[in-house]
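J.: sharing a sequence plus its predicted fold:
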Protein chains: 4
Amino acid sequence: MESSSQRSAAPKHGGRPRDPQIDAAVLEATFAVLEETGYAHLTLEEIARRAETTKPAIYRRWPSRQHLVLAALAARLTAARTPNTGCTLCDLNEGINVFIATFQQIRPDVLGPLLADCAADTTLRGVFMATLFDPPRAAVATMLDRAAARGDIRFDIDCGLILDMLGSLVHYRALFGHAPTTEAEVERAVEALMGGVATDYPALLEHSLRMAGHPEAHAAHT
Amino acid sequence: MESSSQRSAAPKHGGRPRDPQIDAAVLEATFAVLEETGYAHLTLEEIARRAETTKPAIYRRWPSRQHLVLAALAARLTAARTPNTGCTLCDLNEGINVFIATFQQIRPDVLGPLLADCAADTTLRGVFMATLFDPPRAAVATMLDRAAARGDIRFDIDCGLILDMLGSLVHYRALFGHAPTTEAEVERAVEALMGGVATDYPALLEHSLRMAGHPEAHAAHT
Amino acid sequence: MESSSQRSAAPKHGGRPRDPQIDAAVLEATFAVLEETGYAHLTLEEIARRAETTKPAIYRRWPSRQHLVLAALAARLTAARTPNTGCTLCDLNEGINVFIATFQQIRPDVLGPLLADCAADTTLRGVFMATLFDPPRAAVATMLDRAAARGDIRFDIDCGLILDMLGSLVHYRALFGHAPTTEAEVERAVEALMGGVATDYPALLEHSLRMAGHPEAHAAHT
Amino acid sequence: MESSSQRSAAPKHGGRPRDPQIDAAVLEATFAVLEETGYAHLTLEEIARRAETTKPAIYRRWPSRQHLVLAALAARLTAARTPNTGCTLCDLNEGINVFIATFQQIRPDVLGPLLADCAADTTLRGVFMATLFDPPRAAVATMLDRAAARGDIRFDIDCGLILDMLGSLVHYRALFGHAPTTEAEVERAVEALMGGVATDYPALLEHSLRMAGHPEAHAAHT
DNA sequence: TGCTAAGCGAGACGGTACGTCCCGTCTTAAT
DNA sequence: ATTAAGACGGGACGTACCGTCTCGCTTAGCA
């Protein structure tokens, strides 16, 4: 939520206020170092050097390197949008592409170790989930729920599983970094899945093709 | 392939042979430390101490900590089997369960950083792929190819994408460690996917149910 | 001058103060290891182990093993006294015995390598000279100057050469470690030298013998 | 005596003969490395590299690095001469100059550590004494004995002490490396000492001055 | 308005683990 | 039998970086 910090306890009596320029400089430096040297060789001393500040100033703001990295990533991520055009296939395709775009902003060798560090730190894990994991996932979940409400998905299907199968594909590519998942592949993946779980896949497909002729409809979001 | 080392060039004049007990002791110690303290706090000095040897002896065998970890994991993994019962659904279900079992032998906070480190080291990536990634994936790929040859999968479907969608689900669970993927979930995932890509899914399902009455058939592998 | 360190420039902003217990513990451990295993097998790791600290803490205080050894020796050496009884021969004899005593506190196999290392490090050499070499030498030089001022030494004699001839004898024994130079030998060496350079050696000798009856006079120092 | 090795046990049965070129190449390489990098940073691997051979080949010939260094030094030292002109002062002056020349061929930072290592290795010490220490010292001792036999030195004087006082001066300069001891300084040192121990120093001096007019006499040696 | 104390930038600290150099020894193949 | 050659097991090195502590200055709110 907040741009910088985990601290919440209200200071009783004033004291010197925190310099907000340092927050910004540190986040920027962190992102720059991440881009250049990756997560493994990330050094707080280097970050402090670039941000022209000191390690304690950083530790005062974020409880660990992991939290700092997470904050630096979050500060750069574009907010996930939730397309809502009424066309299930269109929404899913675009939604997943946005999902993918989110994670393509992060170097693949950053996500892995960060994720691993979450296993040892419950707090960090919570922040990670709330910051990086849930938002794009929630967007897709919303779209699936809408599709189910519309009756486009069979009643006996567990939407959570579908969600995971789509989400996992994204993470898979982000983590293994094989190659950027193309829009065409996303389309085929959605097709394959929906072919198995839709109540009437041919109808969805036809609807989607009709929509393609009216691209202005794609601007609708929620 | 080999249990210990990267060396392959034929030495001209021999020299003192490597003590194989050290190879074994180091791999064992590495695995033990991984289990106890995880990847992040893995220390070569601790491994050397446990294996009752020294750091140079380790560096002589593996070019980096990552290679060592990979070797230690590989030494413990059970070989992937490729079920071949003629029943597409049965094979896929069992194949994916074996796939999952493979990665459940590895702590989730080990796979992530290891994977991330692969991004920066092409050689390591090659070893990782050849050791951990490809074998179980190849098993599933084989099963999909057989199904396609049998005509169970539509001709216009890219088996590679199906493979990735199944594989990604496994990795997703292994990496994020949400929860162990149950056999029932695997079954539903296969059902959802095959429902979209099979030429005649109901027939496959019926076949599979008939097979369930003859469990001895499941022993057939390739 | 200072017991521990080379730092002199006034720090702008302080920082955490150095733990003086570590200084003491390291010096003590260094001296102990020197006594037990000699200079050649002196190990910073062993010193750190004994002092219950770490190598970086040592390197922060002394720029090299040599400086550390020098500091450890200096911390144990008794200050050189400068006898001043008015009796040239008595003073010289006692002065040189003190000189010798200084270097007998140091293992012969420590001085040699330390000295040798000075050749490659100007700073170290300066510290060595100021710490071990000059003080006892200055004491003898003072005595020779007094003798010359009294007219006990011929005007055409270079006191520096006499000083070196006496000093060299001491170092010679200290370095080669033949045998401890006895007081009788010192006396004969002084006799031989002064016989050649004194204006009136027999008078000096007679004076010295008269003094021998009044040992309380020997307490006079400067 | 022998150019290469300490080994004495005669090989019972033939076997492959030792390559004498390696002996020479190693000694030469050792001397070169000594000159360039000093004793402290002397590395057997570097020597082996330069001599285009291997470490075991070196260890087969010399039992330790110290022995090797000693052999390398000995191979380069010029033999000490013993002047015998009948002129005590002349002989001493020249003898000591030769003494000095011997040690000026050795870097000051080589002698010290080598000497120190002798303390821990009796065999090495013996070789050191027999190779470097005794020969020039014996030359001066011979000259002093001749002088005593001639009656030039007082009967109550311990020639050993005089010898040590002259020798120590040389070592002192060689080890501390203040400055090269000049011939003039040697002359004054001899003058100071002999002034105290000669039976009739003025006569010796006069004799020496007369000899100076007949330089050809200086060619006489024993 | 002045005092006081919390919070700040800054820098050095004690300490862990690193990756490497070099040691002295052992094994193999050739002579 | 003994060599030349090369790799080995291992000890210690000097360094990078960690996370923490102490300092002196700054600033807000209470008196």
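T.: Looks like it arrived, so ask away. Residues are numbered from 1 along each chain as shown, chains lettered A, B, ... in the order given.
J.: spatially central residue for chain A, please.
T.: residue A:132 (4.1 Å; C-alpha atoms, centre = their mean).
J.: relative to chain B, how far out is that residue?
T.: 11 Å (C-beta to the nearest C-beta, to the nearest Å). Just so you know, the C-beta spots here come from the backbone N, C-alpha and C atoms, and that holds for glycine as well.
J.: likewise for residue A:162?
T.: Shown here: residue A:162 relative to chain B, a distance of 7 Å by C-beta to the nearest C-beta.
J.: surely that residue is in contact with residue A:198?
T.: No: Residue A:162 lies out of contact with residue A:198 (C-beta atoms under 8 Å); the separation is 10.4 Å.
J.: ok, the helix or strand encompassing residue A:109 near chain B or not?
T.: Element membership of residue A:109, judged by DSSP states H and E, is helix A:108-118. Yes: under the criterion of C-beta under 8 Å from any C-beta of the partner chain, chain B is reached by helix A:108-118 at A:108, A:109, A:110, A:111, A:112, A:113, A:115, A:116, A:117.
J.: list buried residues within these.
T.: Among the residues of helix A:108-118 next to chain B, the ones that count as buried by 16 or more other C-beta atoms under 10 Å in any protein chain shown are A:108, A:109, A:110, A:111, A:112, A:113, A:115, A:116, A:117.
J.: start and end of stretch A:139-159, how far apart?
T.: Its first and final residues considered, stretch A:139-159 spans 13 Å by C-alpha to C-alpha, to the nearest Å.
J.: the spatially closest residue to residue A:52 that is not a sequence neighbour: what secondary structure?
T.: Of all residues not flanking residue A:52 in the chain, residue A:25 sits nearest, at 6.7 Å (C-beta to C-beta, 6 or more residues apart in numbering or on different chains). The local conformation at residue A:25, judged by DSSP: H, G, I helix; E, B strand; the rest coil, is helix.
J.: list the contacts of residue A:25.
T.: By C-beta atoms under 8 Å, 6 or more residues apart in numbering or on different chains, residue A:25 lies in contact with A:50, A:51, A:52, A:53.
J.: now do 10 Å
T.: For residue A:25, the contacting residues are A:19, A:47, A:48, A:50, A:51, A:52, A:53, A:57, by C-beta atoms under 10 Å, 6 or more residues apart in numbering or on different chains.
J.: gap between it and residue A:69?
T.: Separation of residue A:25 from residue A:69 (C-beta to C-beta, to the nearest Å) stands at 16 Å.
J.: show me chain A divided up by domain.
T.: If you go by automatic domain parsing, the domain ranges for chain A are A:20-75, A:80-219.
J.: weakest of the ones you listed in terms of mean pLDDT?
T.: Mean pLDDT per stretch puts domain A:80-219 lowest among the domains of chain A, at a mean of 84.
J.: what would the domains of chain A look like in TSV with distance to DNA strand F?
T.: Shown next, in TSV, are these (distance: least, C-beta to the nearest atom of the strand, whole Å):
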stretch	distance to DNA strand F
domain A:20-75	4
domain A:80-219	10
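J.: turn the ones you listed into TSV, columns for distance to residue B:156.
T.: Formatted as TSV, those follow (distance: least, C-beta to C-beta, whole Å):
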stretch	distance to residue B:156
domain A:20-75	39
domain A:80-219	10
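J.: relative to residue C:38, which of those domains is closest?
T.: domain A:20-75 (39.1 Å; C-beta to C-beta).
J.: okay, stretch A:187-203 in PDB with CA atoms only?
T.: Coordinates of each C-alpha in stretch A:187-203 appear next as PDB, following Å, rounded to 0.1, in the frame of the first residue of the first chain:
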ATOM      1  CA  GLU A 187      -4.500 -18.000 -27.200                       C
ATOM      2  CA  ARG A 188      -3.800 -21.600 -27.900                       C
ATOM      3  CA  ALA A 189      -3.500 -22.400 -24.200                       C
ATOM      4  CA  VAL A 190      -6.800 -20.700 -23.500                       C
ATOM      5  CA  GLU A 191      -8.300 -22.500 -26.400                       C
ATOM      6  CA  ALA A 192      -7.100 -25.900 -25.100                       C
ATOM      7  CA  LEU A 193      -8.300 -25.300 -21.600                       C
ATOM      8  CA  MET A 194     -11.600 -23.800 -22.500                       C
ATOM      9  CA  GLY A 195     -12.200 -26.500 -25.000                       C
ATOM     10  CA  GLY A 196     -12.300 -28.900 -22.100                       C
ATOM     11  CA  VAL A 197     -14.100 -26.800 -19.500                       C
ATOM     12  CA  ALA A 198     -16.500 -24.500 -21.500                       C
ATOM     13  CA  THR A 199     -20.100 -25.300 -21.700                       C
ATOM     14  CA  ASP A 200     -20.200 -24.400 -25.400                       C
ATOM     15  CA  TYR A 201     -16.700 -23.600 -26.700                       C
ATOM     16  CA  PRO A 202     -17.600 -23.100 -30.300                       C
ATOM     17  CA  ALA A 203     -20.100 -20.300 -29.300                       C
END
